[in-house]
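Asks: following is a predicted model, sequence given first.
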Amino acid sequence: MLALIPAYEPDHRLVELLADLRSAAPGAPLVVVDDGSGPAYRRVFAAARILGCTVLTHPVNKGKGEALKTGFRYATSLHPGRAVVCADADGQHRPDDILAVANMVERTGRTVLGVRRFTGRVPARSRIGNALTSALFTSLTGRRVGDTQTGLRGYPPALLPWLLAVPGARFEYEMRALLFAVRCGHPVEQVPIETVYVRDNAGSHFRPLADSMRVYGPLVRFAFTGGRQVVPRRPTARSI
């Protein structure tokens with residue numbers, strides 16, 4: 001497994017996650033993409049390097065989709081054959097859950113989503129938004145996905161070139177990747193994970209209006225085209 005964490009203006013929670021991952025999986029490469037956070041966050045990324053993490057830096061903010069693609073390129077080039085597990089930098093994902101997703105990817109060779117249970121104290125906007133998005137996704141694709149907006153996702157190495165061809169630079173990228181996976185017939189597994197929100201997710205950089213429009217845009221286009229969107233060429237069965 002290679003753990004990939006896109007980060008924009010992160011705080012101590014990123015360093016804590018990396019330290020916990022280093023303890024839980026000592027031999028796993030840990031890759032952080034600094035998505036244009038700026039000089040004020042150098043200490044956070046310096047701490048990540050001290051923990052033995054590779055930090056890739058965008059000079060300006062390009063968006064989560066581009067940060068993930070930077071990590072995928074790095075993994076493909078320098079760690080071929082490794083599954084990649086993507087997690088968020090804000091403390092939402094526990095090391096045990098990250099490793100559970102990694103184990104499922106390596107066992108099945110399929111894309112794996114870490115699906116939150118949404119129990120306990122969850123911000124209403126998150127609970128309602130995810131329920132609505134999941135219902136729309138199911139009605140449009142016929143595939144039931146319990147958490148379409150999860151940032152904890154695992155990918156087999158053969159799928160990384162395909163993911164690099166999926167369009168999208170910001171929060172819409174992950175929705176497009178999921179829609180295109182369904183359209184191309186890529187199997188998707190789901191693993192239940194804990195739902196963790198720190199201070200009602202106050203550290204999130206997700207903008208409720210602008211970024212919700214980005215997330216719902218691919219769903220709307222999928223609906224109006226009947227799923228007949230231009231998608232990256234499907235890898236051969238041999239490569240998957």
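Replies: On my side now, so go ahead. Residues are numbered from 1 along each chain as shown.

Asks: measure the residue sitting nearest the centre point of the chain to residue 1 for me?
Replies: In the chain, the centroid-proximal residue (C-alpha atoms, centre = their mean) is residue 151; its distance is 3.8 Å. Counting by C-beta to C-beta, to the nearest Å, the gap from residue 151 to residue 1 is 16 Å. No exception for glycine: its C-beta is placed from N, CA and C like everyone else's.

Asks: mind listing the strands for the chain?
Replies: 2-7, 30-35, 54-58, 84-86, 111-116, 153-155, 188-193 (DSSP state E).

Asks: among those, which comes closest to residue 132?
Replies: Residue 132 lies closest to strand 111-116 among the strands of the chain, at 14.8 Å (C-beta to C-beta).

Asks: what is the closest one packed up against?
Replies: helix 95-108, strand 153-155, strand 188-193 (3 or more C-beta pairs under 8 Å, 6 or more residues apart in numbering; DSSP states H and E).

Asks: now do the end-to-end distance for stretch 142-157.
Replies: 26 Å (C-alpha to C-alpha, to the nearest Å).

Asks: and it, which residues are buried?
Replies: Of the residues in stretch 142-157, 145-157 count as buried by neighbour count, 16 or more other C-beta atoms under 10 Å.

Asks: cool, and stretch 167-177?
Replies: If you call a residue buried by 16+ other C-beta under 10 Å, then stretch 167-177 has these buried ones: 168, 170, 171, 172, 173, 174, 175, 176, 177.

Asks: which residues does residue 218 contact?
Replies: 168, 172, 175, 176, 179 (C-beta atoms under 8 Å, 6 or more residues apart in numbering).

Asks: quick one: it from residue 185, how far?
Replies: 18 Å.

Asks: what's the answer for residue 157, then?
Replies: For residue 157, the distance to residue 185 - C-beta to C-beta - is 19 Å.

Asks: same check on residue 4?
Replies: Where residue 185 is concerned, residue 4 sits at a distance of 25 Å (C-beta to C-beta).

Asks: which one's more surrounded, the two?
Replies: residue 4 (26 against 8; other C-beta atoms under 10 Å).

Asks: residue 31 is in contact with the more buried one, correct?
Replies: Yes: if you go by C-beta atoms under 8 Å, residue 4 and residue 31 touch, sitting 5.0 Å apart.

Asks: list residues touching both of the two?
Replies: 71, 75.

Asks: among the strands of the chain, which is the most enclosed?
Replies: When the strands of the chain are scored by mean count of other C-beta atoms under 10 Å, the highest mean neighbour count falls to strand 84-86 (a mean of 28).

Asks: and that one, how far out from the chain's middle?
Replies: Between the centre of strand 84-86 and the centre of its chain there are 7 Å (C-alpha atoms, centre = their mean, to the nearest Å).

Asks: that one: partners in the sheet, and parallel or antiparallel?
Replies: On the basis of DSSP bridges, the sheet neighbours of strand 84-86 come out as strand 2-7 (parallel), strand 153-155 (antiparallel).

Asks: can you say which of those is nearest to residue 42?
Replies: Closest approach to residue 42 among the strands paired with strand 84-86 is made by strand 2-7 (12.5 Å; C-beta to C-beta).

Asks: how much does that closest one deviate in direction from strand 54-58?
Replies: 40 degrees (axes from the mean of the first three to the mean of the last three C-alpha atoms, to 10 degrees).

Asks: ok, now which ones touch the residue nearest to residue 96 when sequence neighbours are not counted?
Replies: Spatial nearest neighbour of residue 96, chain neighbours left out: residue 24 (7.3 Å); criterion: C-beta to C-beta, 6 or more residues apart in numbering. Residues counted as contacts of residue 24 (C-beta under 8 Å, 6+ apart) are 95, 96, 99.

Asks: thank you kindly, that will do.
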